[in-house]
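S.K.: Pasting a predicted model and its sequence here:
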Amino acid sequence: MSAFTEDAERYRTLFETMDEGFCVIEFFDGPHGPLSDYIHIEANPAYERHAGISNVVGQTLRELVPDEADGWLELYGRVLRTGEPIHFQRELIATGRHLDISSFRIGALEDKQVAVLFKDVTHRIRIETELRQLNETLETRIAQALAEREEAEAALRQAQKMEAVGQLTGGLAHDFNNLLAGISGAFEMIGLRLAEGRTADVERYLAAGQGATRRAASLTHRLLAFSRRQTLTPKPTVINRLFTDFTELVRRTVGPQIEVQTIAASGLWPALVDANQLENALLNLCINARDAMPDGGKITIETANRWLDDRTARDHGLTPGQYVTVSVSDTGTGIEKTILDRVFDPFFTTKPMGQGTGLGLSMVYGFARQSHGHVRLYSEIGQGTTVCVYLPRHRGEEDEESPALPDTATEAEAGETVLVIDDEPSVRMLMVDALTDLGYVCVEAGDGPSGLKVLESPGRIDLLVTDVGLPGGLNGRQVADAARALRPDLRILFVTGYAENAVLNHGHIEHGMEVLTKPFAVEELRRRVAALLQSDDQPNR
């Protein structure tokens with residue numbers, strides 16, 4: 001047998017037994033133009049198995065699949081013209097088979113022959129399609145599950161919020177009912193004694209009612225501090241300079257069993273803070289520390305400069321930068337780790353029933369956040385607790401001390417006139433009566449527009465006393481701004497029963513303005529009015 005015969009036999013055996021479909025096609029000119037069709041001149045047995053078409057030898061493309069002919073002609077015609085082999089996947093629509101195809105030219109262009117090697121990958125394509133659909137379905141299911149989870153978490157947050165509101169209102173109602181009982185009872189007993197002509201006990205009942213009123217005012221101030229709505233007057237303050245008087249106040253408050261130590265950092269930066277409210281917050285912390293040491297112990301009040309980088313600031317819920325810290329540490333019983341995340345909640349307390357309102361730490365937290373700072377609490381059972389207040393550094397010098405208020409109110413000078421604006425008739429009456437007793441001429445208004453009409457008149461007005469929250473479309477701040485436009489040197493005293501801190505530009509009030517928070521003592525109102533009118537640059541003085 002010749003070598004040629006052996007090669008032909010080997011080729012034929014390979015051609016007949018190979019697993020992939022194989023064919024040779026030859027292009028010819030047809031009715032649709034040059035090289036517009038081709039005929040299958042060879043095809044192996046696997047062709048039918050993979051393509052799903054039998055007896056293709058001798059048949060033209062346009063006879064087998066007329067609707068798909070142009071697409072196949074374009075692919076194989078490019079192989080014929082360029083001589084470059086291609087590999088692609090395509091569906092043979094006539095049989096629904098997805099084919100993985102390799103094609104190359106045989107011989108020269110003038111031979112017009114192209115070989116095609118292919119295999120059926122329909123099963124694989126179907127699996128890939130199913131997997132893709134499954135993934136899309138899975139993504140949808142995951143998105144749905146995440147949405148359901150978010151909805152559940154939102155419902156949980158709402159439930160927790162409502163629980164906190166319930167706890168807040170319940171505690172508030174309990175405390176206020178007790179205080180109102182004391183106030184109303186005192187008034188009732190005063191009325192009875194006056195009706196009977198017995199005045200000996202009136203002073204005692206007055207003291208009881210006033211004491212309950214002061215406690216009610218303290219409670220509302222703590223609530224406003226918790227909700228970050230108290231009226232603050234932040235000023236640049238070096239906190240170390242508060243220590244002398246404050247430490248003595250703490251010692252008197254906590255008693256002789258408790259040692260009080262202060263550690264003042266050298267070179268402490270000024271902090272932008274309301275010094276009075278800071279002292280109030282620190283005193284609350286010292287009282288908590290005292291209560292945690294029933295058998296005595298030590299309280300340490302310490303200041304420090306702190307620089308918070310991005311990571312530390314993020315952990316503390318703050319903006320990176322420089323802060324002044326004041327920490328109060330005790331050697332007391334400590335707090336269980338299981339309740340550490342609740343210690344700043346309103347009305348939550350670890351003290352026995354009747355021994356704490358649960359507003360101390362929440363007030364400190366609210367004050368710190370409103371001051372653009374933060375509070376951190378560290379505690380170990382049996383080792384004690386440290387509460388650290390972070391306050392923003394003020395870049396500048398400490399403010400000069402403001403002149404002190406007079407100890408007592410002074411009589412008005414002849415003709416001094418005060419405009420009093422308040423929408424609550426009883427409060428307006430009390431303020432007017434208190435000032436009239438000192439000889440001031442008082443003009444009243446019940447809302448902003450009415451007060452503005454008085455200010456627009458030519459009459460003398462030395463001082464404006466106005467509530468911040470007023471009806472009629474003009475609040476107290478707007479009335480004050482209009483008043484300053486009409487009377488640039490007018491002194492203004494804001495009186496607020498709600499902490500409209502934003503209305504007052506977050507405590508940044510102008511020269512010749514002051515803020516008095518309701519409820520206030522009548523003597524405090526008189527002293528504030530006297531201080532404003534006795535200013536050196538008061539034009540009418």
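M.R.: Thanks, I have the structure now.

S.K.: what about the helices in the protein?
M.R.: Secondary structure of the chain (DSSP state H): helices located at 3-17, 46-51, 61-64, 69-82, 122-196, 202-226, 243-254, 275-291, 310-316, 360-370, 425-436, 448-456, 476-486, 522-533.

S.K.: Could you look over these and pick the most buried one?
M.R.: helix 360-370 (a mean of 24; mean count of other C-beta atoms under 10 Å). All C-beta atoms are positioned from the backbone trio N, CA, C, and that covers glycine.

S.K.: elements contacting that one?
M.R.: Judged by 3 or more C-beta pairs under 8 Å, 6 or more residues apart in numbering; DSSP states H and E, helix 360-370 is in contact with helix 202-226, helix 275-291, strand 374-380, strand 384-392.

S.K.: And the residue nearest the centre of the chain, how close does it get to residue 308?
M.R.: Geometric centre of the chain, nearest residue: residue 317, 9.9 Å, by C-alpha atoms, centre = their mean. Here residue 317 is placed at a distance of 11 Å from residue 308 (C-beta to C-beta, to the nearest Å).

S.K.: same deal with residue 73?
M.R.: 73 Å.

S.K.: what does residue 50 give?
M.R.: Where residue 308 is concerned, residue 50 sits at a distance of 70 Å (C-beta to C-beta).

S.K.: do the same with residue 46
M.R.: Distance from residue 46 to residue 308, by C-beta to C-beta: 74 Å.

S.K.: Got the domain ranges for the protein?
M.R.: The record's domain split for the chain, according to automatic domain parsing, is 16-120, 126-226, 235-392, 417-533.

S.K.: and those domains, which one is worst for confidence?
M.R.: Ranked by mean pLDDT, the domains of the chain bottom out at domain 126-226, with a mean of 73.

S.K.: list the contacts for residue 93?
M.R.: Counting by C-beta atoms under 8 Å, 6 or more residues apart in numbering, residue 93 makes contact with 65, 67, 68.

S.K.: for residue 466, same thing?
M.R.: So residue 466 contacts 419, 420, 421, 422, 451, 476, 479, 480, 492, 493, 494, 495 (C-beta under 8 Å, 6+ apart).

S.K.: Looks like the fifth one contacts residue 421 (just checking).
M.R.: Spelled out, that is residue 451. Yes: judged on C-beta atoms under 8 Å, residue 451 makes contact with residue 421 at a distance of 3.9 Å.

S.K.: Now for the two: what residues contact both?
M.R.: Counting by C-beta under 8 Å, 6+ apart, the contacts common to residue 451 and residue 421 are 445, 464, 466, 470, 479.

S.K.: Closest to residue 262 out of those residues?
M.R.: residue 466 (40.8 Å; C-beta to C-beta).

S.K.: ok, what's across the strand from that closest one?
M.R.: Beta-bridge pairing of residue 466 under DSSP bridges involves residue 421, residue 494.

S.K.: how near is it to residue 291?
M.R.: As judged by C-beta to C-beta, residue 466 and residue 291 stand 41 Å apart.

S.K.: again with residue 457
M.R.: For residue 457 relative to residue 291 (C-beta to C-beta), the value is 57 Å.

S.K.: do the same with residue 249
M.R.: Counting by C-beta to C-beta, the separation of residue 249 from residue 291 is 17 Å.

S.K.: swap in residue 81?
M.R.: Distance from residue 81 to residue 291, by C-beta to C-beta: 96 Å.

S.K.: ok, now residue 335?
M.R.: Applying C-beta to C-beta to residue 335 and residue 291 gives a distance of 12 Å.

S.K.: swap in residue 144?
M.R.: 51 Å.

S.K.: okay, now the residue nearest to residue 272 when sequence neighbours are not counted: neighbour count?
M.R.: Excluding the flanking residues, the one nearest residue 272 by C-beta to C-beta, 6 or more residues apart in numbering is residue 394, at 4.1 Å. By the criterion of other C-beta atoms under 10 Å, residue 394 has 20 neighbours.

S.K.: What distance do you get for residue 394 to residue 306?
M.R.: In terms of C-beta to C-beta, residue 394 sits 14 Å off from residue 306.

S.K.: How about residue 288?
M.R.: Applying C-beta to C-beta to residue 288 and residue 306 gives a distance of 23 Å.

S.K.: Same question for residue 133.
M.R.: 56 Å.

S.K.: try residue 35
M.R.: Taking C-beta to C-beta, one finds residue 35 at 84 Å from residue 306.

S.K.: Contacts only, for the nearest residue to residue 376 once chain neighbours are set aside.
M.R.: Distances taken as C-beta to C-beta, 6+ apart put residue 388 closest to residue 376, at 4.7 Å, once the chain neighbours are dropped. Residues in contact with residue 388 (C-beta under 8 Å, 6+ apart) are 325, 326, 327, 375, 376, 377, 378.

S.K.: again with residue 313
M.R.: 319, 320, 321.

S.K.: will you turn those into a markdown table that also has distance to residue 371?
M.R.: Below are those laid out as a markdown table (distance: C-beta to C-beta, whole Å):
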| residue | distance to residue 371 |
| --- | --- |
| 319 | 13 |
| 320 | 17 |
| 321 | 14 |
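
S.K.: Pick out whichever of those residues sits closest to residue 9.
M.R.: Distances from residue 9 to the contacts of residue 313, taken by C-beta to C-beta, are shortest for residue 320, at 83.7 Å.

S.K.: Is it correct that that closest one is in contact with residue 308?
M.R.: Yes: under the criterion of C-beta under 8 Å, residue 320 makes contact with residue 308 at 5.6 Å.

S.K.: neighbour count winner among these two?
M.R.: More crowded of residue 320 and residue 308, by other C-beta under 10 Å: residue 308, with 18 against 14.

S.K.: Relative to residue 373, how far out is residue 423?
M.R.: 34 Å.

S.K.: Those two: which is more packed in?
M.R.: Ranked by neighbour count (other C-beta under 10 Å), residue 423 and residue 373 place residue 373 first, with 22 against 16.

S.K.: residues contacting that one?
M.R.: Per C-beta under 8 Å, 6+ apart, neighbours of residue 373: 318, 323, 389, 390, 391, 392.
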